[in-house]
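Undergrad: predicted coordinates and the sequence they were generated for:
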Amino acid sequence: MLMKILREWTEGKRILLLGFGREGRSVCKRLQQIGGYAALGIADQNPVNDAPEDAKLHIGDDYQAAMQEYDIVFKSPGIVLKEEYQPDKLECRVTSLTELFLTAYRDQCIGITGTKGKSTTSSLLYHVLKSAGMPAVLGGNIGIPTADLYEQIRPETVIVLEIGVHQLEYNHVSPHTAVFLNLYEEHLDHYGTFENYAYCKENIYRNQVKGDLLICGQPGLPAEGDCQAEVLRMALDDESADITLINDVLCYGSEYLELPETMPLTGEHNRYNCAVVFALATRLGVSPEEILHGIETFEPLPHRLSPIGTYDGIIWYDDSISTACETCIQALCSLPDTDSVLIGGMDRGISYEPLLNYLETSPVEHIILMSDSGRRIMEEAAGRPSSLRDRLYFAQDLESAVALAKGLTAPGKICLLSPAAASYNEYKNFEARGDHFQALAKG
């Protein structure tokens, strides 16, 4: 189905791949397989060394100007279109691999988004389905381009998609089943305002139709008239919600499942994610016993409240995925023995007031701030009580922060990296930051 629709879209057309990273290369591979296009272009700010021979290259700072030469533009996630190249100002059609894939397979898709928790929820759902013997695939923002799933998909296949905001930005097709976990300030360097960011996120359900399903954990959404699907509400510790977690019991309608006291996933927020998976898997016919087995055998994703080990008498935890105040707060709540926490990274302009409010009464003894956002947090804390300011330390970078933590953290206590900030000012991604933290912790 995907190849058929791609051929229909591109037959005789001039096609531009805007960005030639993982998704751009995936689309390029499929275009090369079907052929039929009139011209193929690749536009990227950085040099491209493995382009097809028939592709025209547009490389450099003004690479987006090439959009005006083509009929269809497949935009890669994360590329910020300049004001003059917004879709409503161009004659070309701006689309994406996500929109193509959902056009082909929306009825089989469970699309999961949210500022935080989408990777764990998507991976856990996929693992539960597979361990129960159901045909399923996992792709999307989790690092597996959806075009790479083509050969694995059959009519009975359940498609689990993690969908990030960059993939939703210009998307006009919503999955049959949509999950909107939560919404916090994030990516303001890209979207400018929280309202713009939220609007793009809401595309996960904006184009759903009657007969579709939306599971939503964000209060106030969807706005009236924005969604035609059936809506199930999820909320923590709320018996009135359709899906909830109460005292380690997963609740979905009249169905219940008690979680074990110890399980691989750490933290209340992850147990809450289990409630979403419980509801989705139950609707697909998976038994409670099979769901519990899947949860108990799931291997948590790296850099998400991950235990590293004990080194220099200190227990180290890596939560490099944390890029928002709320995730740092959740991490600290999940690990009450934290004696030192490392916070800071790229300054995206989000408000750190919720985190400062929490830290004022938090028992954590050593709050080590670092990099650009850490410097701003330190400045904003100047007017706070001395009971907070006396616990603040500043380090220029992660290496200095870890060295400081080794001298401050009490033996047998936890040192936690939970930056509440993106990593791009110093690292390629949060994975690279987490890997560096683990290496430093281990000495």
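TA: Perfect, I can see it now. This is a predicted model, so every value here is computed, not measured.
Undergrad: okay, now the domains of this structure?
TA: Split into domains by automatic domain parsing, the chain comes to 2-95, 99-297, 306-442.
Undergrad: mean pLDDT and mean neighbour count for the ones you listed - can I get that in JSON lines?
TA: Backbone N, C-alpha and C define where each C-beta goes, glycine included. Converted to JSON lines, those look like this (pLDDT from 0 to 100; neighbours: other CB atoms under 10 Å):
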{"stretch": "domain 2-95", "mean pLDDT": "95", "mean neighbour count": "17"}
{"stretch": "domain 99-297", "mean pLDDT": "95", "mean neighbour count": "19"}
{"stretch": "domain 306-442", "mean pLDDT": "96", "mean neighbour count": "19"}
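Undergrad: alpha carbons only: can I get the helix ranked longest in the chain in PDB?
TA: Using DSSP state H, we find that the single longest helix of the chain is helix 268-283. Written as PDB, here are the backbone C-alpha positions of helix 268-283 (Å, rounded to 0.1, in the frame of the first residue of the first chain):
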ATOM      1  CA  GLU A 268       5.400   6.300  39.300                       C
ATOM      2  CA  HIS A 269       5.300   8.000  35.900                       C
ATOM      3  CA  ASN A 270       6.400   4.700  34.300                       C
ATOM      4  CA  ARG A 271       3.800   2.700  36.100                       C
ATOM      5  CA  TYR A 272       1.300   5.300  34.900                       C
ATOM      6  CA  ASN A 273       2.500   4.600  31.300                       C
ATOM      7  CA  CYS A 274       1.700   0.900  32.100                       C
ATOM      8  CA  ALA A 275      -1.900   1.800  32.600                       C
ATOM      9  CA  VAL A 276      -2.100   3.200  29.000                       C
ATOM     10  CA  VAL A 277      -0.500   0.000  27.700                       C
ATOM     11  CA  PHE A 278      -3.000  -2.100  29.800                       C
ATOM     12  CA  ALA A 279      -5.900  -0.300  28.200                       C
ATOM     13  CA  LEU A 280      -4.600  -0.500  24.700                       C
ATOM     14  CA  ALA A 281      -3.600  -4.200  24.900                       C
ATOM     15  CA  THR A 282      -6.900  -5.100  26.600                       C
ATOM     16  CA  ARG A 283      -8.800  -3.600  23.700                       C
END
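Undergrad: for it, packing partners?
TA: Helices and strands touching helix 268-283, by 3 or more CB pairs under 8 Å, 6 or more residues apart in numbering; DSSP states H and E, are helix 118-131, strand 177-180, strand 213-216, strand 243-246, strand 249-252, strand 255-258, helix 288-297, helix 325-334.
Undergrad: give me the angle between it and helix 118-131.
TA: Computed with axes from the mean of the first three to the mean of the last three CA atoms, to 10 degrees, the direction of helix 268-283 lies at 40 degrees from that of helix 118-131.
Undergrad: got the angle between helix 268-283 and helix 325-334?
TA: Going by the same axes, to 10 degrees, helix 268-283 is angled at 100 degrees with respect to helix 325-334.
Undergrad: show me the contacts for the closest residue to residue 421 other than its chain neighbours.
TA: Nearest residue to residue 421 in three dimensions, chain neighbours excluded: residue 345, at 3.3 Å (CB to CB, 6 or more residues apart in numbering). The contact partners of residue 345, by CB atoms under 8 Å, 6 or more residues apart in numbering, come to 323, 370-374, 419-423, 425-426, 433.
Undergrad: CSV for those, including distance to residue 28 and secondary structure?
TA: Formatted as CSV, the contacts of residue 345 follow (distance: CB to CB, whole Å; DSSP: H, G, I helix; E, B strand; the rest coil):
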residue, distance to residue 28, secondary structure
323, 30, coil
370, 39, strand
371, 36, helix
372, 35, helix
373, 36, helix
374, 40, helix
419, 34, coil
420, 37, coil
421, 33, coil
422, 28, strand
423, 28, coil
425, 30, coil
426, 31, coil
433, 30, helix
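Undergrad: what's the closest of those residues to residue 39?
TA: Residue 39 has its nearest neighbour among those in residue 422, at 36.4 Å by CB to CB.
Undergrad: list the contacts of the nearest residue to residue 253 once chain neighbours are set aside.
TA: Among residues not flanking residue 253 along the chain, residue 242 sits closest, at 6.6 Å (CB to CB, 6+ apart). The contact partners of residue 242, taken as CB under 8 Å, 6+ apart, are 215, 232, 233, 234, 252, 253, 279.
Undergrad: next: residue 405.
TA: Residue 405 touches 314, 340, 342, 366, 368, 415, counting by CB under 8 Å, 6+ apart.
Undergrad: just give me the closest of the residues you listed to residue 74.
TA: Nearest to residue 74 among the contacts of residue 405, with distances taken as CB to CB, is residue 342, at 38.5 Å.
Undergrad: how near is the closest one to residue 20?
TA: Distance of residue 342 to residue 20, computed by CB to CB, to the nearest Å: 35 Å.
Undergrad: same deal with residue 425?
TA: 24 Å.
Undergrad: ok, the nearest residue to residue 170 once chain neighbours are set aside - contacts?
TA: Leaving aside its chain neighbours, residue 170 sits nearest to residue 94 (5.5 Å; criterion: CB to CB, 6+ apart). Applying CB under 8 Å, 6+ apart to residue 94 gives the contacts 67, 73, 75, 81, 87, 170.
Undergrad: and the angle from the longest helix of the chain to helix 288-297?
TA: 150 degrees.
Undergrad: beta partners for residue 160?
TA: Counting by DSSP bridges, residue 160 is bridged to residue 110, residue 138.
Undergrad: surely it touches residue 128?
TA: No: with contact defined as CB atoms under 8 Å, residue 160 does not reach residue 128; the gap is 9.9 Å.
Undergrad: my read is residue 57 is in a strand, agree?
TA: Yes: applying DSSP: H, G, I helix; E, B strand; the rest coil, one finds residue 57 inside a strand.
Undergrad: ok, now how distant is it from residue 51?
TA: Noted for residue 57: a distance of 6 Å to residue 51, by CB to CB.
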